[in-house]
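**Student:** no sequence for this one, just the structure:
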């Protein structure tokens, strides 16, 4: 791996990590070794299981039926983590020694659309596989359609090509109960002729954006330069992040429509020239001391509330005296985010190593800050930013309906931010429970919803109480510097389950549908991280299964097709309820539903 690849990866991970609330400690390690890059692992959880089950299948081209060689198939499930297999010359793959459980399969290959097992239409959920002990499933086939392409050319105001611009395909989707413009997972970088090409896209409507800020620029901003020594000139003009066909506003962007396996060519546009400014100031901690080597990140905020531009911010590090300078800032509305951070580099042994630590030295509490800022083309100096340690929350788990399960320490408690607050509020501050069921979360700010994940089998969340008050769905508004205690997360062994099948008009069973189950109470449709709305696809036998919804009265409707996450739209749910089946789910109950396909949305 070349050093520049390591830098790109580091920049990407730092931006993702920076978009999370302030955990006590996060480490990012990238080592340049022959053919290897080490990335941070996921938090610890339950131990992986093995069994005697098996899943086999083939990956084939959706248009010709020909086998696809060297395609990657990834299996995931709570008891197996995530494992990958490659297809052979006949397109075959296999997973062995699987325990009983529910699994998801995803197939990928360059030039093709990434597809989940059972997915037949763009942006639809895949179908899970329900595997019994010792069961063998031999025809778990995945059909990969050839991807669509968006290509074009990026130029400057004089029509000259712009090289190394980052181009992003974006689409409207539902995030946190709101319609948002978010990256579709495809990026491209222009060549010396200003040309770009984004491939492997599902057919659909996209918006294309471009910026001159790429990951290498970002990582050098983050790495910073040592104090003293010579200084370089900074241009007074540059280019704003621009949407096709040449507008700085997402609201004025033009859709680019691509059909299956087709290419939308000549999606050309010019970057908008703007007057650039510098933003400089000082970061001071809550005790009044300058903060050294803090990461200062300037993220654009769209006036329409879109979150898609989060990769196009400007970053810098503070010096020993807490001073920082953000150069080449285009006019616009921003959020300035500051977090404690340490970056160490080493080239010992001929290998380049970068280490970034979020939080205070030695893994202590890291301070952070977040303030709005508007830049209008003029330099901003002497910006004073005071950081805070945030709030802390301590509590305990309690168990109803049975004895305390083993391995309580694998349960993960998270304080999830409302995603409607914008990109910097996406994510969660989390901690793992201690063997006695107690836990503590630090670095909290703003509105958070508390959840317990990675639960032992046979348990579900019942309520979350703070000082005796039920805050399960309401959440908590945390004030910086405050200490919150007496939080109780109640888990119950009286789990719920909704199962059933779906037929078409003539009574014939169908295996291709989506069931949406949602609360009768409209107030449950708009709360953040709602437990009261679920979309589910059937398993390989055509049966659906939904577990652990809270007791209450619900509507259930079966749809021929719905885009994943679209059931977060309250207007859609209001239309569907008149055609849905109403039922009541009691505590610890299992309900079986027989539904018919509802045509249209």
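**Tutor:** Sure thing, it's come through. Note that the coordinates shown come from a computational prediction; the quantities given were computed from them, not determined experimentally.

**Student:** domain ranges for this protein?
**Tutor:** For the chain, automatic domain parsing gives the domain ranges 391-492, 497-598.

**Student:** going by mean pLDDT, which of these comes out lowest?
**Tutor:** Mean pLDDT is lowest for domain 391-492 out of the domains of the chain, coming in at a mean of 88.

**Student:** helix or strand: which one has residue 399?
**Tutor:** Taking DSSP states H and E as the criterion, the element that holds residue 399 is strand 391-400.

**Student:** who does that strand touch, helix- and strand-wise?
**Tutor:** Applying 3 or more Cβ pairs under 8 Å, 6 or more residues apart in numbering; DSSP states H and E, one finds that strand 391-400 makes contact with strand 412-417, strand 438-444, strand 476-478, strand 483-492. (Glycine included, C-beta is placed from N, CA and C.)

**Student:** residues making contact with it?
**Tutor:** Residues outside strand 391-400 that contact it (Cβ atoms under 8 Å, 6 or more residues apart in numbering) are 405, 408, 411, 413, 415, 433, 436-445, 450, 452, 459, 462, 476, 478-494.

**Student:** just the buried ones from those residues?
**Tutor:** The neighbour count (16 or more other Cβ atoms under 10 Å) marks 405, 408, 411, 413, 415, 433, 437, 439-445, 450, 452, 459, 462, 476, 478, 480, 484, 487, 489-494 as buried among the contacts of strand 391-400.

**Student:** is it true that residue 206 touches residue 172?
**Tutor:** No - using Cβ atoms under 8 Å, residue 206 makes no contact with residue 172, being 9.3 Å away.

**Student:** and those two? which has more neighbours close in?
**Tutor:** More crowded of residue 206 and residue 172, by other Cβ atoms under 10 Å: residue 206, with 25 against 17.

**Student:** surely that one is within a strand?
**Tutor:** Yes - judged by DSSP: H, G, I helix; E, B strand; the rest coil, residue 206 forms part of a strand.

**Student:** who touches it in this structure?
**Tutor:** Shown in contact with residue 206 (Cβ under 8 Å, 6+ apart): 150, 169-171, 184, 255-258.

**Student:** ok, these vs residue 51, which is closest?
**Tutor:** Nearest to residue 51, judged by Cβ to Cβ, of the contacts of residue 206 is residue 184 at 36.5 Å.

**Student:** what helix or strand is that closest one on?
**Tutor:** Using DSSP H and E, residue 184 sits in strand 178-189.

**Student:** which stretches in the stretch 101-250 of the chain count as strands?
**Tutor:** Remark: strands assigned in the stretch 101-250 of the chain by DSSP state E, counting those that start in this stretch are 101-108, 115-116, 129-131, 136-137, 142-144, 148-155, 166-175, 178-189, 195-201, 204-211, 237-240, 242-243.

**Student:** mean confidence score for the third one?
**Tutor:** This predicted structure assigns strand 129-131 an average pLDDT of 95.

**Student:** do the first one as well
**Tutor:** The average pLDDT within strand 101-108 is 96.

**Student:** surely residue 524 is within a helix?
**Tutor:** Yes - under three-state DSSP, residue 524 sits within a helix.

**Student:** state the distance from it to residue 166.
**Tutor:** Distance, residue 524 to residue 166, by Cβ to Cβ, to the nearest Å: 40 Å.

**Student:** would you list the strands that the helix or strand harbouring residue 385 pairs with, along with their directions?
**Tutor:** Take DSSP H and E as the rule and residue 385 turns out to sit in strand 380-386. Strand pairing for strand 380-386, using DSSP bridges, gives strand 277-284 (parallel).

**Student:** quick one: strands adjacent to the next helix-or-strand element following the strand it pairs with?
**Tutor:** Using DSSP H and E, the helix or strand that follows strand 277-284 in sequence is strand 294-300. Here strand 294-300 is paired, per DSSP bridges, with strand 314-317 (antiparallel), strand 332-346 (antiparallel).

**Student:** how about the contacts made by the residue lying closest to residue 205 once chain neighbours are set aside?
**Tutor:** Spatial nearest neighbour of residue 205, chain neighbours left out: residue 255 (4.7 Å); criterion: Cβ to Cβ, 6 or more residues apart in numbering. Residues near residue 255 by Cβ under 8 Å, 6+ apart: 205-207.

**Student:** any idea how far residue 367 is from residue 255?
**Tutor:** Going from residue 255 to residue 367 by Cβ to Cβ gives 43 Å.

**Student:** out of the strands of the stretch 101-250 of the chain, indicate the one that is most buried.
**Tutor:** Burial of the strands of the stretch 101-250 of the chain is given as mean neighbour count (mean count of other Cβ atoms under 10 Å); strand 242-243 ranks first at a mean of 24.

**Student:** what about that one, distance to the chain center?
**Tutor:** Taking Cα atoms, centre = their mean, to the nearest Å, one finds strand 242-243 lying 23 Å from the centre of the chain it belongs to.

**Student:** need the residues that contact it.
**Tutor:** With Cβ under 8 Å, 6+ apart as the test, strand 242-243 has contacts from 207-211, 248-250, 252-254, 269-272.

**Student:** parallel or antiparallel, list what pairs with whatever helix or strand residue 451 lives in.
**Tutor:** Assigned by DSSP H and E, residue 451 belongs to strand 446-453. Here strand 446-453 has these sheet partners by DSSP bridges: strand 412-417 (antiparallel), strand 476-478 (antiparallel).

**Student:** who's in contact with residue 171?
**Tutor:** Neighbour list for residue 171: 181-182, 184, 204-207 [criterion: Cβ under 8 Å, 6+ apart].

**Student:** give me the number of residues near residue 500?
**Tutor:** By the measure other Cβ under 10 Å, the count of residues near residue 500 is 19.

**Student:** got a list of contacts for stretch 79-89?
**Tutor:** Contacts of stretch 79-89 (Cβ under 8 Å, 6+ apart): 46, 48-49, 58-59, 67-76, 93-95, 98-99, 101, 103.

**Student:** rerun that using 6 Å as the cut-off
**Tutor:** Residues outside stretch 79-89 that contact it (Cβ atoms under 6 Å, 6 or more residues apart in numbering): 48-49, 59, 69-76, 93, 99, 101.

**Student:** buried residues in it?
**Tutor:** Using 16+ other Cβ under 10 Å as the test for burial, stretch 79-89 gives 79-80, 85, 87.

**Student:** pipe the helices and strands packed on strand 391-400 into CSV and attach distance to residue 128 per row.
**Tutor:** Below are the helices and strands packed on strand 391-400 laid out as CSV (distance: least, Cβ to Cβ, whole Å):
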stretch, distance to residue 128
strand 412-417, 22
strand 438-444, 30
strand 476-478, 33
strand 483-492, 24
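
**Student:** relative to residue 517, which of those strands is closest?
**Tutor:** For those, distance to residue 517 was read as Cβ to Cβ. The smallest value, 19.4 Å, belongs to strand 483-492.

**Student:** what's the angle from the closest one to strand 438-444?
**Tutor:** Inter-element angle recorded for strand 483-492 and strand 438-444: 130 degrees (by axes from the mean of the first three to the mean of the last three Cα atoms, to 10 degrees).
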